[in-house]
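Student: can you look at this prediction? I've put the sequence above it.
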Amino acid sequence: MLATASWDKTVQLWDVASGRQVGNFRRHAKPVPCVAFSPDGQNVASGSLDCTARIWSLDNEADVTTLEGHGKKVECVAFSPDGRILATGSWDKTIKLWDTTTWAEQATLEIGHDVRSVSFSPDGRLLAVSTGVPTIGLWDVPKREQIAALAAHEGGVSSVAFSPDGTRLASASDDRTVKLWDVSRREVLETLVGHDGKVWTVAFSPDGKMLASGSADKTVELWDISAIGRKEESKTP
């Protein structure tokens, strides 16, 4: 199953095998820039320019609840790997953490810039945050505090993603590059250059060996990153 966000204010569900649309959610009052499946595949979260996030049930295609509290558009949504927390990032310069059992707000993280993208580490303890500035924020989720700021890009960072094993982080930037980071050392492993426009999004393959990046130059680049950051490991007896 694939969920897509749309500027027509809807969230659409697609059967990947057949390419057919199998669902259409219509409750947002303004365009929808982001969607995310819950880890158990039972719900879809969506964020909208109407300043709300909505939770949809795939069982009956119903609107489960509406999450309110942001003062500006909700630009990104992400579930924690265990499905217990939903993070919503907004252009009101905050991230809200929601308890997915009650849908009550757990915490508000003051980011200081418009939030463009969030990504949980596989163990759920870290949250990577990209904004309209060149620095990536790393937050300790249990402590609700920022523990690091990764600075290497020359333009605003539009998207971040943890690798499946949590050892690496990818970032996409307005400076037309993608950077691959070593999470534990907080260092850049590689700068991937090839796009002719701003890079908007990045995503790892399930095995972590490939990285996809989408750009304003209307292309998607596929990068073989299987050896990046693994050189030292290969030398170990």
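Tutor: Sure, I can see it. Numbers count the residues shown, from 1 in each chain.

Student: which residues in this protein form helices?
Tutor: 231-235 (DSSP state H).

Student: let me see the domain layout of it.
Tutor: Structural domains assigned to the chain are 1-110, 114-228, following automatic domain parsing.

Student: now the end-to-end length of the first one.
Tutor: Between the opening and closing residues of domain 1-110 we find a distance of 34 Å, counting by Cα to Cα, to the nearest Å.

Student: over to the longest one?
Tutor: For domain 114-228, the first-to-last residue distance is 31 Å (Cα to Cα).

Student: where does pLDDT dip in this protein?
Tutor: 60-62, 230-237 (pLDDT under 70).

Student: now do 80
Tutor: For the chain, residues meeting the criterion pLDDT under 80 lie at 59-63, 229-237.

Student: give me the number of residues near residue 107?
Tutor: 14 (other Cβ atoms under 10 Å). For the C-beta atoms, the positions are set from N, CA and C on the backbone; glycine is no exception.

Student: and it, what does it touch?
Tutor: Counting by Cβ atoms under 8 Å, 6 or more residues apart in numbering, residue 107 touches 96-97, 144.

Student: neighbour-wise, which of the residues you listed leads?
Tutor: Ranking the contacts of residue 107 using other Cβ under 10 Å puts residue 96 first, with 21 neighbours.

Student: any idea what the closest residue to residue 203 other than its chain neighbours is bridged to?
Tutor: Counting by Cβ to Cβ, 6 or more residues apart in numbering, residue 203 lies nearest to residue 212, which is 5.0 Å off, once chain neighbours are set aside. Bridge pairing for residue 212 (DSSP bridges) gives the partners residue 203, residue 222.

Student: residue 188 reaches residue 151, doesn't it?
Tutor: No. With contact defined as Cβ atoms under 8 Å, residue 188 does not reach residue 151; the gap is 9.9 Å.

Student: who has more neighbours out of these two?
Tutor: residue 188 (16 against 12).

Student: that older thread, so the residue nearest to residue 203 touches residue 224, yeah?
Tutor: No. With contact defined as Cβ under 8 Å, residue 212 does not reach residue 224; the gap is 11.3 Å.

Student: the more surrounded of those two?
Tutor: The neighbour count for residue 212 versus residue 224, taken as other Cβ under 10 Å, is higher for residue 212 (16 against 9).

Student: residues in contact with the more buried one?
Tutor: 202-205, 220-223.

Student: do residue 121 as well
Tutor: 127-128, 162, 166, 183.
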